[in-house]
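Chemist: could you work out the structure for the sequence below:
(chains A and B)
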Amino acid sequence: DGGITQSPKYLFRKEGQNVTLSCEQNLNHDAMYWYRQDPGQGLRLIYYSQIVNDFQKGDIAEGYSVSREKKESFPLTVTSAQKNPTAFYLCASSQGMDTNTGELFFGEGSRLTVL
Amino acid sequence: AQKVTQAQTEISVVEKEDVTLDCVYETRDTTYYLFWYKQPPSGELVFLIRRNSFDEQNEISGRYSWNFQKSTSSFNFTITASQVVDSAVYFCALRRVNKFYFGSGTKLNVKP
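Modeler: Okay, here's the model as predicted:
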């Protein structure tokens, strides 16, 4: 079935460690996104990518990094520079640059806890 | 600038009651798309509806209905005869080009 796969679902990290969250999609979507959700709050955009080898910072990019080497994959690295990384991370994709109509498709999320 | 406001942080109803979730948006664009998503306790956001700025017809899908009014920049969502399974956080969003702007969400609690 087509969809978005995020892994791991739960992740624990010690302070000072970098961690990478995986996001893979088989929907043939051009655009991919990473959002952060804190308890009781909405979604905040971290990074997004419209095509392979290109990505843009969202509203809260500091302390995060991404890559887009393949259309299907958009991994997010939470670096030690991120001051408060404990959160729920959602990956999403949508039809890309030539359309302005498509909805976002979301993965199941990854819950990161810093110990 | 684009902005989506969901003023209702949390709503509690008893099963079979009707409930309306409010969404107000701001944009200077003439072409835009509005969305509603449901986030159950499992966490994954589920797409419910998309509406473009040129189509102000209300839509009904089963117990769900949506009222889009450009004059008041609102896109409200009504659940008729609510059920416990409707308990979730509901997000309204605005799409402009390739960026989506989300409201802060409304948590709906439906009690048996």
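Chemist: near chain B, which residues of chain A? Just list them.
Modeler: With the criterion set to C-beta under 8 Å from any C-beta of the partner chain, chain A comes near chain B through A:31, A:33, A:40-43, A:45, A:48, A:50, A:88, A:90, A:92, A:94, A:96-97, A:100-101, A:103-109, A:111. Every C-beta, even on glycine, is put in place using the N, C-alpha and C of the backbone.
Chemist: buried residues in stretch A:69-82, which are they?
Modeler: For stretch A:69-82, the buried set under the neighbour-count rule, 16 or more other C-beta atoms under 10 Å in any protein chain shown, comprises A:K71, A:E72, A:F74, A:P75, A:L76, A:V78, A:Q82.
Chemist: tell me which of these fall in strands.
Modeler: Using DSSP state E, A:L76, A:V78 are the members of these that sit in strands.
Chemist: and which of the buried residues of stretch A:69-82 is nearest chain B?
Modeler: A:F74 (13.6 Å; C-beta to the nearest C-beta).
Chemist: so that closest one is in contact with A:T20, correct?
Modeler: No: using C-beta atoms under 8 Å, A:F74 is not in contact with A:T20, being 11.2 Å away.
Chemist: what are the ranges of the strands in chain B?
Modeler: Under DSSP E, chain B gives strands at B:3-5, B:10-14, B:19-21, B:24-26, B:33-39, B:46-52, B:59-61, B:64-69, B:74-79, B:88-96, B:99-102, B:106-111.
Chemist: once you drop chain neighbours, what's closest to A:N28?
Modeler: When the adjacent residues along the chain are set aside, A:N28 lies closest to A:K71, with 7.4 Å between them (C-beta to C-beta, 6 or more residues apart in numbering or on different chains).
Chemist: what about chain A, any weak spots by pLDDT?
Modeler: Low-confidence segments of chain A, defined by pLDDT under 70: A:1, A:96-101.
Chemist: just the element for the residue nearest to the spatial centre of it, please.
Modeler: By C-alpha atoms, centre = their mean, chain A has its centre lying nearest to A:W34, at 2.7 Å. Element membership for A:W34, per DSSP states H and E: strand A:31-37.
Chemist: contact partners of that strand?
Modeler: Residues from elsewhere that reach strand A:31-37 (C-beta atoms under 8 Å, 6 or more residues apart in numbering or on different chains): A:21, A:23, A:25, A:43-50, A:58, A:60, A:64, A:66, A:68, A:74, A:76, A:87-97, A:104, A:109, B:98, B:100.
Chemist: narrow those residues to those in strands?
Modeler: A:21, A:23, A:25, A:43-50, A:64, A:66, A:76, A:87-94, B:100.
Chemist: filter those to the buried ones?
Modeler: A:21, A:23, A:25, A:43, A:45-50, A:64, A:66, A:76, A:87-94, B:100.
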